[in-house]
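Engineer: Next come a sequence and a model predicted from it.
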Amino acid sequence: MLLKEEGFTRLPRRGDEEHPARPGPRKAEPADPRRLDLSPRGLRTHFGGLFLFLPALVRIDFDRIIGGCDFPGSAMVPASCAMRSLSVLKLFGRRRHSHVMSYVMDEGSALAAGLNVIPKRSFLSEYSCRVDPACYPKLMRSWFDAVSEVGIDWGVSFNLDFHTMPFHGEQALVEKHYVSKRSRRQKGILAFLVEDADRRVFCYGNADLRKDEQADAILRFVEFWKNRIGKLPEELVFDSKLTTCANLDRLNKMNIRFITLRRRSAKLVDRIHQAPLSAWRRIELEGLTRTYRTPRILDTRVSLAGYDASLRRIAIIDLGHEDPTLLVTNQLHRSPAKLITRYAQRMIIDNSIVDGIEDFQRAFEQMQDSASYDKAIVEPCEERGVEFYTSADQTQRLMREVLAVDEHSWKPFRGRKLAGEKRSSGKKRKKRRNRKKKVRGNQENLIKDFKHGLGLSHVPTGFFLANQIYFKIAALAWNIKTWML
């Protein structure tokens, strides 16, 4: 106000070139494989582990598969580069492709995708909407055949399940499905997944299901498997809500073994509890990590509406549940213990550290805390020469031994005293304190990892076709990671 009263005018606005130099965001170049620099050089990247998967993509001729499925592409971003870019993000663990902007300047991600710069968020977000629906079955067939040609053998027993990916938009055509995580029904996309129980990879998936189609999804998988492999699957394991008794009868007439559960009604549970004690017998389940290893069973033959033959029903108690578990199967002569164990493999896997120590044991250092200190960790590490570091619970016995260490054995370490002493893992191990071992569901947690690790917690769009290709890309990335590891 004083300057204005004295007759001073407003200073002219400075141009961009007149501003002082200061840090600012860098602008990435447009994605273009023709500008990819392949000259020998070194670079730092967060995506170094992705290059372990590239030999597998070369073996199956990934570019030929994508090129034969008519995926959209351009001279600047070919279809194979676009699909590799999406797969790279999923293999790296980005939940959504919209999170790519944090890694646009990373040369490693672009090099793995075959581009000078990985495509930006706008391109990746709209790419799935540009894919023709006819591309999906072509991709599944071509991928399946290519994987089979490189020598990957498929198993004979499969785990099947539905999973709902919640949708929070306003799309009226999205149906409501049950979401187990929230124990309620809400709008979402229903996906049907099939896992090879031997290879532990997804061998079939369909994310374009309606309510009136979900009961026949199992038959569509059987048809797909027959066309690709030339024979029917030998065994299918699923829960009670996956299909109907009429479809169970169809599976039985095709000589396909199945194991499923039967829904518990109050009348049925009362009738089972009224069975005489002499009809029950106790069995022992294999597996040292089981908490309930000696359940009691009631093995009977039953008939269900819509199923022409007789079924075997095994009622199981003493498994940690208040109500009995009802196992239903068409395998009339198989051991009850083996049937229960096989179904449990769909739900429970051993959380031994042995599963996590495979090829890189010499260079691997297992860092754990006292909560996971156990003989199951120590012995496999010692057998394989794996270095590990862990803390231990400060029990009274351990503290007495520490205080009894000779004073000359202590050494100064960062202002404190440190003493080291070798222990035998067979004699010194952590007490369990009657604590239940942690178990995790094989199929259920595999789908959970698939959902959270690959960004399937929520569907990205309200369009079925766009969500279908998004689901396919995520499944491809998951299988690549599983096969390599």
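Structural biologist: In hand now; what should we look at?

Engineer: three-state assignment of residue 226?
Structural biologist: helix (DSSP: H, G, I helix; E, B strand; the rest coil).

Engineer: Ok, residue 29 next?
Structural biologist: Residue 29 ends up coil, using three-state DSSP.

Engineer: for residue 108, same thing?
Structural biologist: helix.

Engineer: List the contacts of it.
Structural biologist: Listed by C-beta atoms under 8 Å, 6 or more residues apart in numbering, the contact set of residue 108 reads 43, 45-48, 50-51. (Each C-beta comes from the backbone N, C-alpha and C, glycine too.)

Engineer: What distance do you get for it to residue 50?
Structural biologist: From residue 108 across to residue 50, the span is 7 Å (C-beta to C-beta, to the nearest Å).

Engineer: And for residue 23?
Structural biologist: Distance from residue 23 to residue 50, by C-beta to C-beta: 29 Å.

Engineer: Of the two, which one has the most company?
Structural biologist: Neighbour tally, residue 23 and residue 50, criterion other C-beta atoms under 10 Å: the higher count belongs to residue 50, 22 against 5.

Engineer: who's in contact with that one?
Structural biologist: Here residue 50 is in contact with 88, 91-92, 108-109, 112 (C-beta under 8 Å, 6+ apart).

Engineer: Please apply the same query to residue 222.
Structural biologist: Going by C-beta under 8 Å, 6+ apart, the list of residues near residue 222 reads 232-233, 251, 254, 256.

Engineer: Model confidence score at the closest residue to residue 248 other than its chain neighbours, please.
Structural biologist: Among residues not flanking residue 248 along the chain, residue 307 sits closest, at 5.7 Å (C-beta to C-beta, 6 or more residues apart in numbering). What the model reports as pLDDT for residue 307 is 91.

Engineer: Ramachandran angles for residue 307?
Structural biologist: Per-residue torsions, residue 307: phi -120, psi 120 (degrees, to the nearest 10).

Engineer: related to what we said a few turns ago, possible to save the contacts of residue 222 as JSON lines with secondary structure?
Structural biologist: Formatted as JSON lines, the contacts of residue 222 follow (three-state DSSP):
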{"residue": "232", "secondary structure": "coil"}
{"residue": "233", "secondary structure": "coil"}
{"residue": "251", "secondary structure": "helix"}
{"residue": "254", "secondary structure": "coil"}
{"residue": "256", "secondary structure": "coil"}
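
Engineer: Neighbour count, pLDDT and distance to residue 136 added to those residues, as TSV?
Structural biologist: TSV is the format used below for the contacts of residue 222 (neighbours: other C-beta atoms under 10 Å; pLDDT from 0 to 100; distance: C-beta to C-beta, whole Å):
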residue	neighbour count	pLDDT	distance to residue 136
232	15	93	23
233	27	93	22
251	19	94	25
254	12	94	26
256	18	94	26
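
Engineer: Which parts of stretch 207-218 count as buried, going by neighbours?
Structural biologist: Neighbour-count burial for stretch 207-218 flags 207-209, 214, 216-218 (criterion: 16 or more other C-beta atoms under 10 Å).

Engineer: is it true that residue 136 touches residue 468?
Structural biologist: Yes - when contacts are counted by C-beta atoms under 8 Å, residue 136 is listed as touching residue 468 (5.6 Å).

Engineer: list residues touching both of the two?
Structural biologist: residue 208.

Engineer: what's near enough to touch the closest residue to residue 211 other than its chain neighbours?
Structural biologist: Counting by C-beta to C-beta, 6+ apart, residue 211 lies nearest to residue 175, which is 5.7 Å off, once chain neighbours are set aside. By C-beta under 8 Å, 6+ apart, residue 175 lies in contact with 187-188, 190, 210-211.

Engineer: Distance check, residue 175 against residue 239.
Structural biologist: 20 Å.
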